[in-house]
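K.L.:
Predicted coordinates and the sequence they were generated for:
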Amino acid sequence: MIRDKLHIVLVLPNIMESIAIKKLITDCGIIAGFSEFPDIHQLIHYLSNHSPQYIFIHQSKITPENLDNLNMYNGKSESLCFIKVGESQINHTEKLFRHVLDTQKNENEIMKQIVHIFEPVQPATRLIEATGLSQREIDILKQVALGMTNKEISEHLHISMHTVITHRKNITAKLGIKTIAGLTIYAVLNNIINPEDVEM
Amino acid sequence: MQFTRDIKMADVIHINYMLLTILKRFNIPLGFGDKTIEKVCRSHDVNTDFFLEIINSFHDKSYFPEQNLKAFSLELIVKYLRNTHDYYMLEKIPEIEGYIEELIQNCVTENKPNLSMLKKFFTDYKQELNEHIKKEDEMVLPYVLEIDKAYKNNTIDKPLYDKIKNYSINDYEDEHENVEDKLFDLKNIIIKYLPPLQNKNLCNTILIELFLLERDLNDHSRIEDTVLVPKVDQMEQELTKMYESDQG
Ligand SMILES: [Fe+2]
Ligand SMILES: [Fe+2]
């Protein structure tokens, strides 16, 4: 279940600002690779052969002419999103920016803004790395999390009880989770089952 | 290393601060100046030898003087086990619960439902632990003291004989595995699978508390399984033999 990482570009005035924003983004559970550029000129050069999904630009970096150059990317791709870092108002020439990250607000407010910005990102692309489970093991984990007994699982998947038990031992060894309640949480966190399917 | 009676109590804490919780269980307050273990124990009416065996086996996992521990009176052991139960249920568990609640309150990200799930898991764990401890406090330990009394007085009556025949200590003391497994899972879920949390300090505090609780519980269960149960089992056997030969 390895998925591509999100690709985020930052054009910010100083190192402190970039450290802070990267930290806030990762704290929101977003797993991403970051590229950083000192100005829009270099950003445009980079965009000619890369396609990141999110671009954060500090307002101090924006001038009328480089904004014109960037506007050609506006609406070019659904999956490309520009965010202005700075004051909350956007004038009509800046409709390139889908969001504004107001850094004058308090930490909680800023977190909420970031969560909002990354809302379209599916939870599945967020955190899941390789589980090392085989498809069969995932099938069995699913049934266990849904509360089925070994006997029910063996009937449902047409395999012997012995095989079910062996699979369960392997799942526990691979994940380091022993109890059914623990496996259920794992299954929900990894979108193997829906939280509504189990009594939580 | 092993602690001996002539070591300064202050040094014990410098060497292993985790023993602070054990001191509390024996009702020994801080502020002992340069007094030795023996002096401090004596001034607080604590059996020094028992105290030493308890801190030594807690401090060094490979040191477990089963035979020495079995030599102490059951009253002493039972009192220690009860104090430990109170420490879990009245202090540690509510404390960790409070941390988890705080984590949820502070969370503004999509991790919130995950944290609620974690909280539910911990609540279930607490309930399971509570049932286990309640059974020990209300049934097992009183039974142990009853056996102890009969053994000391060298007398056994019919009701006690029937009781032993119906439920021996080996049936009373449940497996400790279930409770241990849940704690193990909880730690792993936080370490390996939960999306990174905003409040890392609080998250680390919770993990550290879980590790400490696990270690403490393992030490506690070990005393029950390898000291209390065999000791009572031995007494049960002797008492039944005595009753049967009296009847015969
Ligand atoms: Fe206990
Ligand atoms: Fe126990």
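P.N.:
Cool, the structure landed. Numbering: from 1, shown residues only, chains lettered A, B, ... in the order given. Ligands and ions are numbered 1, 2, ... in the order given.
K.L.:
helices and strands of the chain: which one bottoms out on pLDDT?
P.N.:
Going with chain A. When the helices and strands of chain A are scored by mean pLDDT, DSSP states H and E, helix A:123-127 comes last with a mean of 44.
K.L.:
You answered for a different chain; I wanted chain B.
P.N.:
Result, chain B / mean pLDDT, DSSP H and E: helix B:169-172, a mean of 82.
K.L.:
residues in contact with that one?
P.N.:
B:135, B:139-140, B:143-144, B:147, B:228-229, B:232-233, B:236 (Cβ atoms under 8 Å, 6 or more residues apart in numbering or on different chains). Heads up, the C-betas are built off the backbone N, CA and C, glycines and all.
K.L.:
so the closest residue to chain B within chain A is in which element?
P.N.:
Residue of chain A nearest chain B, by Cβ to the nearest Cβ: A:G182 (3.2 Å). Using DSSP states H and E, A:G182 sits in helix A:180-189.
K.L.:
How about A:K151?
P.N.:
Element membership of A:K151, judged by DSSP H and E, is helix A:150-157.
K.L.:
pLDDT averaged over the helix or strand that that helix is followed by - what is it?
P.N.:
Sequence-wise, the next helix or strand downstream of helix A:150-157 (DSSP H and E) is helix A:161-175. The average pLDDT within helix A:161-175 is 93.
K.L.:
Give me the helices and strands touching helix A:161-175, please.
P.N.:
Where contact means 3 or more Cβ pairs under 8 Å, 6 or more residues apart in numbering or on different chains; DSSP states H and E, helix A:161-175 is packed against helix A:135-145, helix A:150-157, helix A:180-189.
K.L.:
For the longest one, report the contacting residues that lie outside it.
P.N.:
With contact meaning Cβ under 8 Å, 6+ apart, helix A:135-145 is reached by A:131, A:133, A:152-153, A:156-157, A:164, A:167-168, A:170-171, A:174, A:180, A:183-184, A:186-188, A:192-193, A:198.
K.L.:
what residues does chain A put near chain B?
P.N.:
A:26-29, A:108, A:111-112, A:115, A:123, A:126-127, A:175-179, A:181-182, A:185-186, A:188-190, A:195, A:200 (Cβ under 8 Å from any Cβ of the partner chain).
K.L.:
Show me what residue of chain B gets nearest to chain A.
P.N.:
Residue nearest to chain A within chain B: B:D185 (3.2 Å; Cβ to the nearest Cβ).
K.L.:
Can you classify that residue by secondary structure?
P.N.:
Classification of B:D185 using DSSP: H, G, I helix; E, B strand; the rest coil returns helix.
K.L.:
Which parts of chain B belong to which domain?
P.N.:
B:9-63, B:72-247 (automatic domain parsing).
K.L.:
what would those domains look like in TSV with mean neighbour count?
P.N.:
As requested, the domains of chain B are exported to TSV (neighbours: other Cβ atoms under 10 Å in any protein chain shown):
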stretch	mean neighbour count
domain B:9-63	16
domain B:72-247	16
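K.L.:
So for A:T103, which of those domains sits nearest?
P.N.:
domain B:72-247 (16.5 Å; Cβ to Cβ).
K.L.:
what about that closest one, distance to the chain center?
P.N.:
6 Å (Cα atoms, centre = their mean, to the nearest Å).
K.L.:
cool, stretch A:174-181 as well?
P.N.:
25 Å.
K.L.:
can you pull the buried residues of it?
P.N.:
A:175-179, A:181 (16 or more other Cβ atoms under 10 Å in any protein chain shown).
K.L.:
Farthest-apart pair in those residues, please.
P.N.:
Going by Cβ to Cβ, the pair spanning the buried residues of stretch A:174-181 furthest: A:G176 and A:A181, at 14.5 Å.
K.L.:
just the helices and strands packed on helix A:161-175: most buried one?
P.N.:
helix A:180-189 (a mean of 22; mean count of other Cβ atoms under 10 Å in any protein chain shown).
K.L.:
Helix A:161-175 and that one, what's the angle between them?
P.N.:
Orientation note: helix A:180-189 sits at an angle of 70 degrees relative to helix A:161-175 (axes from the mean of the first three to the mean of the last three Cα atoms, to 10 degrees).
K.L.:
element containing the nearest residue to B:F122 once chain neighbours are set aside?
P.N.:
Once flanking residues are discounted, B:F122 sits nearest to B:I100: 5.8 Å by Cβ to Cβ, 6 or more residues apart in numbering or on different chains. Using DSSP H and E, the element containing B:I100 is helix B:93-106.
K.L.:
From the contact counts, what lies against that helix?
P.N.:
By 3+ Cβ pairs under 8 Å, 6+ apart, helix B:93-106 packs against helix B:112-135, helix B:200-223.
K.L.:
Look at A:I83 and give its secondary structure.
P.N.:
Under three-state DSSP, A:I83 comes out as strand.
K.L.:
Wait, it touches A:F97, no?
P.N.:
Yes: the pair A:I83 / A:F97 is scored as a contact, 6.3 Å apart, by Cβ atoms under 8 Å.
K.L.:
So the two - more neighbours on which side?
P.N.:
Set side by side, A:I83 and A:F97 show more neighbours around A:F97, with 22 against 19, by other Cβ atoms under 10 Å in any protein chain shown.
K.L.:
any idea what sits nearest the most centrally placed residue in chain B, other than its immediate chain neighbours?
P.N.:
By Cα atoms, centre = their mean, the mean C-alpha position of chain B lies nearest to B:H220, the distance being 3.2 Å. Leaving out its chain neighbours, the residue that sits closest to B:H220 by Cβ to Cβ, 6+ apart is B:T84, at 5.3 Å.
K.L.:
Same question for A:P52.
P.N.:
Excluding the flanking residues, the one nearest A:P52 by Cβ to Cβ, 6+ apart is A:H7, at 4.1 Å.
K.L.:
coming back round to it: show the secondary-structure elements that the helix holding A:G182 is packed against.
P.N.:
Counting contacts by 3+ Cβ pairs under 8 Å, 6+ apart, helix A:180-189 packs against helix A:135-145, helix A:161-175, helix B:112-135, helix B:177-188.
K.L.:
Distance from the shortest one to the middle of the chain?
P.N.:
Translated: helix A:135-145. Going by Cα atoms, centre = their mean, where helix A:135-145 is centred and where its chain is centred differ by 24 Å.
K.L.:
tell me the angle that helix makes with helix A:180-189.
P.N.:
120 degrees.
K.L.:
A:F56: neighbouring residues, count only.
P.N.:
Neighbours around A:F56, by other Cβ under 10 Å: 25.
K.L.:
same check, this time on the one 5 residues further on
P.N.:
Neighbours of A:K61 under the rule other Cβ under 10 Å: 20.
K.L.:
Which parts of chain A belong to which domain?
P.N.:
A:6-124, A:127-197.
K.L.:
And those, which one averages the lowest pLDDT?
P.N.:
Among the domains of chain A, domain A:6-124 scores lowest, at a mean of 84.
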